[in-house]
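Participant: Predicted coordinates and the sequence they were generated for:
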Amino acid sequence: MQFPSTILRLLRLDVPPGMPPANEEIVKLFNPKSIVIVMIDNFGLFEAVVYKPEALIKNLEVLALIETDDPYAVSLINSILRGPLDQQFHLMQYVKSHGKFTHVICREDDMSTFGFDSTYSVNPRDDMATYVESTKKVFRSELLFMHFLDFESLYAQYGHRTPPKTLLEKIVRRTDNWIKVLYRQAREDTLFMIIGNHGRNPIPLNYEGKLAEWRKANSPIAIILQKRAQQTS
């Protein structure tokens, strides 16, 4: 519930009355000119530890575990965008209404689910198209939200031929490479918040032993990093 207020404070915007306070630890660490929120389905603490996405780990400044009663995509994204359920608030619309260049890259189904408006949204067909659109927007946005969610559709299509954990590993590494490119293309003092959730639906990944135990304890995460002066990698 602290996410909307934290993002507003980082963008130097007023927090509406009644919203939970920002996370002061994060606010004190960063002073961004723009923010990129990257939402990745089926990515959490377990995947970060096991698959070790290189670009994210190399540039990581803050790793935050997200406390939530519902770690799945729809509930978690709505909480991040709207804050408390009784608030008449939407993060993207609020930021845009205060004159910031705001963009959303999401599937068409996300528009009604998360309350996005067509005036600032682009609807790609898959994650590759999401990545391509993000390369066009990352330098021109003050708040950019994008959503990578291919795993569940690819699992439904190829899961009978490719082990789901192999498929998930490939997607994590692929998305990590895309974020590495976006990081290079972004302006200095762009803050990246890479947020992982449990996906829309539970998917059996068939881990064994300790990996199976760790997977059960998996938690949604936020990996936060800022592109600072003279950083290009």
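Facilitator: On my side now, so go ahead.

Participant: where does this protein dip in pLDDT?
Facilitator: In the predicted model of the chain, residues 85-87, 159-160, 204-207, 211-212, 214-217, 231-233 satisfy pLDDT under 70.

Participant: residue contacts, the most centrally placed residue in it?
Facilitator: Central residue check for the chain by C-alpha atoms, centre = their mean: the C-alpha nearest the mean position is that of residue 39, 2.3 Å away. Residues near residue 39 by C-beta atoms under 8 Å, 6 or more residues apart in numbering: 73, 77, 145, 146, 147, 148, 149, 195, 197. Every residue, glycine included, has its C-beta placed from N, CA and C.

Participant: mind checking the SS state of it?
Facilitator: Assigned with DSSP: H, G, I helix; E, B strand; the rest coil, residue 39 falls in the strand class.

Participant: Beta-bridge partners for it, please?
Facilitator: residue 147, residue 195 (DSSP bridges).

Participant: Quick check: it vs residue 56, distance?
Facilitator: 14 Å (C-beta to C-beta, to the nearest Å).

Participant: So which residues of the protein form strands?
Facilitator: 34-40, 62-65, 102-105, 121-122, 143-148, 190-196, 221-227 (DSSP state E).

Participant: In JSON lines: those, plus distance to residue 184.
Facilitator: Output for the strands of the chain, formatted as JSON lines (distance: least, C-beta to C-beta, whole Å):
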{"stretch": "strand 34-40", "distance to residue 184": "13"}
{"stretch": "strand 62-65", "distance to residue 184": "20"}
{"stretch": "strand 102-105", "distance to residue 184": "18"}
{"stretch": "strand 121-122", "distance to residue 184": "21"}
{"stretch": "strand 143-148", "distance to residue 184": "15"}
{"stretch": "strand 190-196", "distance to residue 184": "11"}
{"stretch": "strand 221-227", "distance to residue 184": "8"}
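
Participant: just so I know, which of those lies nearest residue 161?
Facilitator: strand 143-148 (22.1 Å; C-beta to C-beta).

Participant: Contacts made by the closest one with the rest, please.
Facilitator: Here strand 143-148 has contacts from 7, 11, 34-41, 77, 91-92, 95-96, 100-107, 110, 127, 130-131, 133-134, 137-138, 171, 175, using C-beta under 8 Å, 6+ apart.

Participant: That one versus strand 34-40: what angle between them?
Facilitator: 10 degrees (axes from the mean of the first three to the mean of the last three C-alpha atoms, to 10 degrees).

Participant: quick one: strand 143-148 to chain centroid distance?
Facilitator: 7 Å (C-alpha atoms, centre = their mean, to the nearest Å).

Participant: Which single helix of this structure contains the most residues?
Facilitator: If you go by DSSP state H, the chain has its longest helix at helix 164-185.

Participant: Which positions within that helix qualify as buried?
Facilitator: 164-165, 167-168, 171-172, 174-176, 178-180, 182-183 (16 or more other C-beta atoms under 10 Å).

Participant: same deal with stretch 45-61?
Facilitator: Counting neighbours by 16+ other C-beta under 10 Å, stretch 45-61 gives 45, 46, 47, 48, 50, 51, 53, 55, 56, 59 as buried.

Participant: quick one: which of those residues is nearest to residue 66?
Facilitator: Taking the buried residues of stretch 45-61 together and measuring to residue 66 by C-beta to C-beta, the closest member is residue 45, at 9.5 Å.

Participant: In the chain, what residue spans correspond to helices?
Facilitator: 3-10, 24-29, 45-51, 54-59, 73-82, 91-97, 108-114, 127-137, 150-158, 164-185, 209-216.

Participant: same for the second one, what does it pack against?
Facilitator: It stands for helix 24-29. Packing partners of helix 24-29 (3 or more C-beta pairs under 8 Å, 6 or more residues apart in numbering; DSSP states H and E): helix 3-10, strand 62-65.
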